[in-house]
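J.: Coordinates only, no sequence provided:
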């Protein structure tokens, strides 16, 4: 068997998803948070933690597949519904860079435009207009500066995320 064929066969194996009970529990746990948020006063969030290669991205892909984008026409105006999306926290993380990343995922025509307040306002309006229920943030470790003896948290960005979550219940 040629080396190329071996690589192709290994690539096919890489596409196989083992429906491990822990993967299902993680997916169902996040779906439970989304459902509870619709009824509880405070939004319910979760953290999906694990070593590299343990299936975090696979869980996210399954969630996104179960909540696909769609189009709705209301009064002859078409709008895109984005019930869930996946975004990375940029490095270095600032309120503006995180806001721009989220705005881009919601198809904002100018995600980098405006002051932080304007970007935040647009984000909140788009989350509502797109009927977003779930935002999956990856690379959250960019909010932490981990040194050998200390860990500093980017409190400004963390507080901004909390403010957006509380304002939108997403």
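T.: Great, that's in hand. All of these numbers come straight from a predicted model, not from anything done at the bench.
J.: drop to CA atoms for contacts and neighbour counts, all remaining ones
T.: OK.
J.: how close does the residue nearest in space to the middle of the chain get to residue 8?
T.: Centroid-nearest residue in the chain, with C-alpha atoms, centre = their mean: residue 136, separated by 1.9 Å. Distance from residue 136 to residue 8, counting by C-alpha to C-alpha, to the nearest Å: 31 Å.
J.: what's the answer for residue 90, then?
T.: 33 Å.
J.: So these two - more neighbours on which side?
T.: residue 90 (18 against 11; other C-alpha atoms under 10 Å).
J.: Map the structural domains onto the sequence of this structure.
T.: Following the assignment in the TED database, the chain carries domains at 1-66, 68-169.
J.: Strands along the chain, start to end?
T.: Per DSSP state E, the chain carries strands over the ranges 70-74, 77-81, 84-88, 134-138, 144-146, 151-153.
J.: Adding mean pLDDT and distance to residue 58, write those strands out as JSON lines.
T.: Output for those, formatted as JSON lines (pLDDT from 0 to 100; distance: least, C-alpha to C-alpha, whole Å):
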{"stretch": "strand 70-74", "mean pLDDT": "90", "distance to residue 58": "22"}
{"stretch": "strand 77-81", "mean pLDDT": "89", "distance to residue 58": "23"}
{"stretch": "strand 84-88", "mean pLDDT": "95", "distance to residue 58": "12"}
{"stretch": "strand 134-138", "mean pLDDT": "95", "distance to residue 58": "12"}
{"stretch": "strand 144-146", "mean pLDDT": "75", "distance to residue 58": "24"}
{"stretch": "strand 151-153", "mean pLDDT": "73", "distance to residue 58": "28"}
